[in-house]
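# sequence first, then the predicted structure, then my questions.
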Amino acid sequence: MASSVPRTVYLGTFISAPHAGPEAGLEIRDGAVLVSAGGVIEKCDWSVRSAEEARAVFGVGEEVGVRTLGEGEGNGFWFPGFVDTHIHAPQYPNTGIFGQSTLLDWLETYTFPLESSLGNPNSPLYTSHPTHNAPTDPLTRAKQIYRRVISRTLASGTTTAAYYATIHVEATNALADLALELGQRALIGRVCMDEARTCPEYYRDESTEVSMANSRACVEHCRTLDPSGERIKPILTPRFAPSCQLSTLTALARLAKQEHLMVQTHISETTSEIEMVRRMFPDSDSYAAVYDDAGLLGEKTILAHAVHLSKEERALVRERKAKVAHCPASNSALGSGYCPVRTLLEEGIDVGLGTDVSGGFSLSVLEAVRQAYLVSRTVAYHAGGNTKYNIGLAEGLHLATVGGAKVVGMEGRMGAFREGMLWDVQEVGLGRVDGNGKGESSAVDLFGWEFWEEKVAKWVWNGDDRNVKRVWIGGRLVHGQD
Ligand SMILES: O=c1[nH]c(=O)c2nc[nH]c2[nH]1
Ligand SMILES: [Zn+2]
C-alpha cells in the first residue's frame, strides 16, 4: 500500500540483532538513515554525526527533515520493531487470569467464554460476570478490546503481529479494520473450530461448510482492505487439531494452496493434548503428521509452541519448512513444558517469538525475550548444565525481530538497518539518574557510565512501554508524539 510520509533522515544510535547464532551479538552503530516517502530505507551511512553531514552525504536539501536522537546524551537508540508471531487478540482482557489451570481446562474455564462473548450474546461470560461495566453488544465489545490490544502492542514496540481472532466473521473483520486504521502490520486469522467432541456448543462453527465459508469471507475482507498483503494479511487459522474435524483441516489445506494463504495453528503444547490427538487421529503417526496428512504443513505455516515434538516430527517440520512461534511466557504460566529452542534452531527450523496472550501473561515481546532466556537456562540445566542451550539477550532480540520476520513471511524486509528494508522501528529511551539520585519515569535507570551492551541488557531485563518513545511502521508514526 502506498503511504505518504515525508522523506526523512534519522540520526543517532542504531542497534539491531541482524545475525543468527549464539555468538552473533548486537550490531551497534552511530550514523544516519535516509527513509523514503514510501517508508523504505534508501541509504545508511555510519560515518556522519550531524544533520548537515547527513544532508550532504545523502544529497538532500532542507526539504528533507532530520530527526535526531539523544543529541549526544547516549540514552536512546533506534531498534527494529518487534514481531509477535503468536497472539490471541480477543483474549487480551484475560491477561494474568489463569489461576492454576493447564491448557485444556484453561480453554474451557477462561478462554472459550471470553472469546465467545465477542460474537455470541448468550456467551456464558455474560452470566458468570453479571456486574458488567463493559459493552454487552458483542461487536461493540470486540472493537473495544481490539482497539486496546492493538494500541497497547504498538506502545510496546510490536510493529507486526500474527493475530488469532475468534470464530466470528464480523468481529474478525473489525480486527483487520482496526489494525489498518492504527497502522500495525497484522496477520488476521478467523479461528476455525467445529469438532463437537471438544468445542462447546455455544462456541463452534456448525460444519466444515460453515467454517470454510466464514474463513473465505474473512480472507476476502482482508484482501479488499489491502490487496498487496503488505499491511493486512489473511491467515487461515485452525485452532488446533483437536478442535477441528478432519474434513475441515483438509478443506483449509486445499484453500491455502489455491489462494497461496498462510496458515497458523498450535502444535504439541502439552502432553495431555498430544494424548488427545493420538486418540482422535488414530490414522496419523504423530501430531505433526496429522497436519501433514491433511496437507497443512508448508513453508507458510506457523506452528505455535512445538514444546514436545519428537525427533521425527522435527525432521518433518524442517522438511516442510514450517515455522515455529516460541511462546515461553505461556509455556511457563500454563505449566506446559520447556521448548528446546536450541535444538529446533540447530536442526534448521525457523523460530520467532510469540506472546501468546493470554496463555502468556504479557503482551510485550520484550517480556518474551526475557522469558526465552529464562526457559533456555532451564533447558540447559536439564541437559546437565550444557550452556549451548542458552538463548542469550542478543539471540533473543534476533528471534524477536529477524526470526519473527521469517516466520510471518517477511524475511529480509525488517529486523535490521539495511537499504531496502522497511522503516518499522521503535525509538527506545532509557532513564537518566541525575547527580542527586533523582530519575525520570522510566523502567530503566542509567547512571551514565554504562556501555551500550550494558544499556541494552538493562533495557531487556527492566524495560517496558515507558521506554518506547515512538514507533514507526512503513515510515508512518503510529505511536508517540511527532
Ligand atoms: O496457547 C494456546 N492458546 C489457545 O488459545 C489455544 N487453543 C488451542 N491451543 C491453544 N494454546
Ligand atoms: Zn496460542
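Looks like it arrived, so ask away. Numbers count the residues shown, from 1 in each chain. Ligands and ions are numbered 1, 2, ... in the order given.
# following the helix or strand bottoming out on mean pLDDT in the chain, which helix or strand shows up next?
Sorted by mean pLDDT, DSSP states H and E, the helices and strands of the chain end with strand 431-432, the least confident at a mean of 92. Counting by DSSP states H and E, the element after strand 431-432 in chain order, helix or strand, is strand 445-446.
# what sits up against that following strand?
Here strand 445-446 makes contact (C-beta atoms under 8 Å, 6 or more residues apart in numbering) with N75, L430, G431, R432, V433, G439, K455, K458. (Glycine included, C-beta is placed from N, CA and C.)
# pairing partners for that strand, with directions?
strand 431-432 (parallel) (DSSP bridges).
# ok now the strand it pairs with, how far from the chain's centre?
Centroid separation for strand 431-432 versus its chain: 28 Å, with C-alpha atoms, centre = their mean, to the nearest Å.
# tell me how many other residues crowd A89.
Using other C-beta atoms under 10 Å, A89 is surrounded by 29 other residues.
# would you confirm that it contacts S151?
No - counting by C-beta atoms under 8 Å, A89 stays clear of S151, with 11.7 Å between them.
# can you report how many residues neighbour A196?
Neighbours of A196 using other C-beta under 10 Å come to 10.
# need the pLDDT of L69.
Note on L69: pLDDT of 87.
# can you check the one 10 residues further on too?
Per-residue confidence at F79 stands at 98 (pLDDT).
# try the one 5 residues further on
For D84, the pLDDT comes out at 99.
# what parts of this structure come near ligand 2?
A304, D356 (C-beta under 5 Å from the ion).
# center of this protein, which residue is that?
Closest to where the C-alpha atoms of the chain average out (C-alpha atoms, centre = their mean) is D84, at 0.9 Å.
# beta partners of the closest residue to that one other than its chain neighbours?
The shortest distance from D84 to any non-neighbouring residue, by C-beta to C-beta, 6 or more residues apart in numbering, is to A161 (4.4 Å). On the basis of DSSP bridges, A161 is bridged to D84, A186.
# check contacts around A161.
V83, D84, I87, I150, T153, A179, Q184, R185, A186, L187.
# check what pLDDT the fourth one gets.
Which is I150. For I150, the pLDDT comes out at 99.
# which of the helices or strands spans it?
Here I150 sits within helix 138-155, counting by DSSP H and E.
# give the buried residues for that helix.
P138, R141, A142, K143, I145, Y146, V149, I150, R152, T153, L154, A155 (16 or more other C-beta atoms under 10 Å).
# so what's the gap between that helix and the chain middle?
For helix 138-155 - counting by C-alpha atoms, centre = their mean - the centre lies 16 Å from the chain centre.
# do stretch 104-124 as well
Offset of stretch 104-124 from its chain centre (C-alpha atoms, centre = their mean): 23 Å.
# quick revisit: between the buried residues of helix 138-155, which is nearest V169?
Of all the buried residues of helix 138-155, V169 sits closest to A142, with 11.1 Å by C-beta to C-beta.
# residues touching that closest one, list them.
Contact analysis of A142 by C-beta under 8 Å, 6+ apart lists P90, L118, G119, T166, H168, E170, A171, A174, L175.
# surely the third one forms part of a helix?
No - counting by DSSP: H, G, I helix; E, B strand; the rest coil, G119 falls outside a helix, being coil.
# nearest spatial neighbour of it, skipping sequence neighbours?
H168 (3.0 Å).
# and that neighbour, how far from H129?
Distance, H168 to H129, using C-beta to C-beta, to the nearest Å: 19 Å.
# same check on E395?
On the measure of C-beta to C-beta, E395 and H129 end up 42 Å apart.
# more neighbours: the two, which one.
Between E395 and H129, E395 has the larger neighbour count (other C-beta under 10 Å), namely 26 against 14.
# who's in contact with the residue of the stretch 251-400 of the chain found nearest ligand 1?
Nearest residue of the stretch 251-400 of the chain to ligand 1: G359, at 3.6 Å (C-beta to the nearest ligand atom). If you count contacts by C-beta under 8 Å, 6+ apart, G359 has them with H88, Q91, F98, L103, W106, C327, S330, A333, L334.
# out of those residues, who's the most crowded?
Most neighbours among the contacts of G359, by other C-beta under 10 Å: C327, with 34 neighbours.
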